[in-house]
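K.L.:
What would the 3D arrangement of this be:
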Amino acid sequence: MHRNWAGNLTYSARSVVRPSSLEELADVLTAGGPVRALGSRHSFNDVADTDGVHVQVDGLDDGRPAVEPLTPDGGDEGDVVSVNAGLRYGEVSRALHATGRALGNLASLPHISVAGAVATATHGSGDTNQSLASAVEGLEIMTPGGELRRITRASDPDVFPGTVVSLGALGVVTRVELRTVPAYVVRQDVAADVPWDTFVASFDAITSAAYSVSAFTSWDEPAVRHVWFKSVARADRPEVRGLAPDLLRWSDVPVHPLPGVDPSATTEQLGVDGPWHERLSHFRLEFTPSAGDEVQSEYLLPRRNAAAAIEAMRRLGPTVAPLLQTSEIRTVAADDLWLSPFDEPSVAFHFTWLPREDDVRAVLPAVEQALVPLGARPHWGKVSTLDAPTTAALFPRFDDFRRLAARFDPDGRLHGGLVGRLLAG
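P.N.:
Next up, the predicted model:
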């Protein structure tokens, strides 16, 4: 018996295997029966579940470095790197930074696996920053038949957008090829107690004032508790990017996303310059991630509906606040991936709940009734009460994805948990 990271889900798998070579992985996949890849176990629902065998590739040795520079057509060596799919983003980031390279963005936690985050359209924040999956230039996937396939944006343009955010429904991803940029320096400043009227009226100015911006609230507060600005290092605070100098009040002490929690696990604040990978995530790799004992939900909706969604959530404040540890608002740029919820500029409403899943599920229908009419779609790896057919219907290319999954896995051996319910049609 094994559980996910937060402990709110017990997986159905009868065993977990960690093959050490591609040959061992092929043996596992061709043995027959249900099988699914398992990453860092950070999904809060059963999207990664199976009643067969769980496969983890964090110990896989394919004879190549765990982080290997590639030379793409028309590019320079290191523009793209191939990484072991089981590595955590924090590990990849440190390896890249040592070579003078960087990723364009990171999620809140550096503890999540690359393949798992990519497969579920996990994201960071920033008006011009796409989801983590958008940095993918290629994947190596072993199908249930034991065939190792390499699919890239350049060589497979027709199917590539369907293979990146794949929910693990195509096979076991063994390598991920990521686009990189030169390493850069980031500073982090936090504004405190931003009045709601100011936040909504200046929403575009605030979210564009820094490279990555996150707002934290419990929805029943008279002001937005904190707004975190992660800026590519400049001489001054984010007002240099267009905010009026007196618009915000800056915190002179470090803070945690959860009110009243010791901020020692968070990345450095107070405007201190530091490497990109030590600022873009909210939490440090060497600390236990976030609160741990929690349940998470998230809904992604068109940015054009941000003000209406904020108004709707504030009306629900008395309903959701008693169950919330914190809620986060972020912006995400659009991409072209079939199962990405970011097919236009988007805003994300994240909820970190107390570990009372039955109570959370009782209030989620009210949240969904407020946000789904505004175009909201649930995060693939988090708790929602929308059923699988309703969720699938929110993605215009889902039928195309269903056909692609049938090509890779004609016997449906990867159809565990949520994936099975989605692909059942």
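
K.L.:
next one: the helix ranked longest in the chain to chain centre, how far?
P.N.:
In the chain, taking DSSP state H as the definition, the longest helix is helix 357-371. Counting by Cα atoms, centre = their mean, to the nearest Å, helix 357-371 is centred 21 Å from the centre of its parent chain.

K.L.:
average pLDDT across that helix?
P.N.:
The average of the pLDDT scores along helix 357-371 is 97.

K.L.:
Tabulate the CA atom coordinates of that helix in CSV.
P.N.:
C-alpha atoms of helix 357-371 as CSV (Å, rounded to 0.1, in the frame of the first residue of the first chain):
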residue,chain,number,x,y,z
GLU,A,357,-11.3,16.2,1.8
ASP,A,358,-15.0,15.3,2.4
ASP,A,359,-15.7,18.8,3.6
VAL,A,360,-13.7,20.3,0.7
ARG,A,361,-15.7,18.2,-1.8
ALA,A,362,-18.9,19.5,-0.2
VAL,A,363,-18.0,23.2,-1.1
LEU,A,364,-16.3,22.6,-4.4
PRO,A,365,-19.6,22.4,-6.4
ALA,A,366,-20.2,26.0,-5.3
VAL,A,367,-16.8,27.1,-6.5
GLU,A,368,-17.2,25.2,-9.8
GLN,A,369,-20.7,26.6,-10.4
ALA,A,370,-19.2,30.1,-10.0
LEU,A,371,-16.1,29.6,-12.2
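
K.L.:
How about residues contacting it?
P.N.:
With contacts defined as Cβ atoms under 8 Å, 6 or more residues apart in numbering, helix 357-371 is touched by 8, 295, 297, 299, 301, 309, 312-313, 315-316, 319-320, 323, 349, 351, 353-354, 376, 378, 383-386. Heads up, the C-betas are built off the backbone N, CA and C, glycines and all.

K.L.:
ok, now stretch 405-417?
P.N.:
Contact with stretch 405-417 is made by 12, 32-36, 45-52, 141, 143-144, 166, 168-171, 420, 423-424, as judged by Cβ under 8 Å, 6+ apart.

K.L.:
Give me the buried positions along it.
P.N.:
By 16 or more other Cβ atoms under 10 Å, the buried positions in stretch 405-417 come out as A405, F408, D409, G412, R413, L414, H415, G416, G417.

K.L.:
Looking at those, spot the one nearest S82.
P.N.:
Of all the buried residues of stretch 405-417, S82 sits closest to F408, with 20.6 Å by Cβ to Cβ.

K.L.:
just checking, which of the buried residues of stretch 405-417 belong to helices?
P.N.:
Judged by DSSP H, those include A405, F408, G417 as members of helices.

K.L.:
helix/strand/coil for the most centrally placed residue in the chain?
P.N.:
By Cα atoms, centre = their mean, the chain has its centre lying nearest to T122, at 1.7 Å. When classified by DSSP: H, G, I helix; E, B strand; the rest coil, T122 comes out as coil.

K.L.:
in the stretch 51-200 of the chain, which spans are helices?
P.N.:
Counting by DSSP state H, counting those that start in this stretch, the stretch 51-200 of the chain has helices at residues 89-98, 114-119, 160-163, 196-201.

K.L.:
Tell me which of the ones you listed lies nearest to D62.
P.N.:
Using Cβ to Cβ, those put helix 114-119 closest to D62, at 13.8 Å.

K.L.:
Show me how far the closest one is from its chain's centre.
P.N.:
8 Å.

K.L.:
how about it: buried residues?
P.N.:
V114, A115, G116, A117, V118, A119.

K.L.:
tell me what that helix is packed against?
P.N.:
Helix 114-119 sits against helix 89-98, strand 172-179, with contacts defined as 3 or more Cβ pairs under 8 Å, 6 or more residues apart in numbering; DSSP states H and E.

K.L.:
out of the ones you listed, deepest packed?
P.N.:
Counting by mean count of other Cβ atoms under 10 Å, strand 172-179 has the highest mean neighbour count of the helices and strands packed on helix 114-119, with a mean of 24.

K.L.:
which secondary structure elements does the lowest-mean-pLDDT helix or strand in the chain contact?
P.N.:
Across the helices and strands of the chain, mean confidence by mean pLDDT, DSSP states H and E is lowest for strand 67-70: a mean of 88. If you count contacts as 3+ Cβ pairs under 8 Å, 6+ apart, strand 67-70 packs onto strand 80-84, helix 89-98.

K.L.:
Contacts only, for V114.
P.N.:
Applying Cβ under 8 Å, 6+ apart, the residues contacting V114 are V83, N84, A85, G86, L87, R88, Y89, V92, V176, L178.

K.L.:
Write down the beta-bridge partners of the closest residue to it other than its chain neighbours, one by one.
P.N.:
Leaving aside its chain neighbours, V114 sits nearest to V176 (5.1 Å; criterion: Cβ to Cβ, 6 or more residues apart in numbering). V176 has these beta-bridge partners by DSSP bridges: V83, L139.

K.L.:
quick one: buried residues of the longest helix of the chain?
P.N.:
Applying 16+ other Cβ under 10 Å to helix 357-371 flags E357, V360, V363, L364, V367, E368, A370, L371 as buried.

K.L.:
quick check, nearest of those to T152?
P.N.:
T152 has its nearest neighbour among those in L371, at 35.3 Å by Cβ to Cβ.

K.L.:
Can you tell me how far that closest one is from F395?
P.N.:
16 Å (Cβ to Cβ, to the nearest Å).

K.L.:
same question, G145
P.N.:
On the measure of Cβ to Cβ, G145 and F395 end up 27 Å apart.

K.L.:
try R149
P.N.:
23 Å.

K.L.:
Looking at those two, which is more packed in?
P.N.:
F395 (19 against 14; other Cβ atoms under 10 Å).

K.L.:
in a strand, that's where that one is, yeah?
P.N.:
No - going by three-state DSSP, the assignment for F395 is coil, not a strand.

K.L.:
So what's the residue count around the spatially closest residue to it that is not a sequence neighbour?
P.N.:
Closest residue to F395 apart from its sequence neighbours, by Cβ to Cβ, 6+ apart: L339 at 5.8 Å. By other Cβ under 10 Å, 25 other residues sit near L339.

K.L.:
Report the contact partners of L339.
P.N.:
Counted by Cβ under 8 Å, 6+ apart, L339 has contacts A121, G162, V165, S166, L167, W380, F395, R397, F398, F401.

K.L.:
low-confidence ranges in the stretch 101-250 of the chain?
P.N.:
234-242 (pLDDT under 70).

K.L.:
again, only this time at 50
P.N.:
Applying pLDDT under 50 to the stretch 101-250 of the chain flags the ranges 239-240.

K.L.:
Which parts of it are strands?
P.N.:
Here the stretch 101-250 of the chain has its strands, by DSSP state E, counting those that start in this stretch, at 101-102, 136-142, 148-152, 172-179, 181-182, 185-195, 212-217, 223-232.
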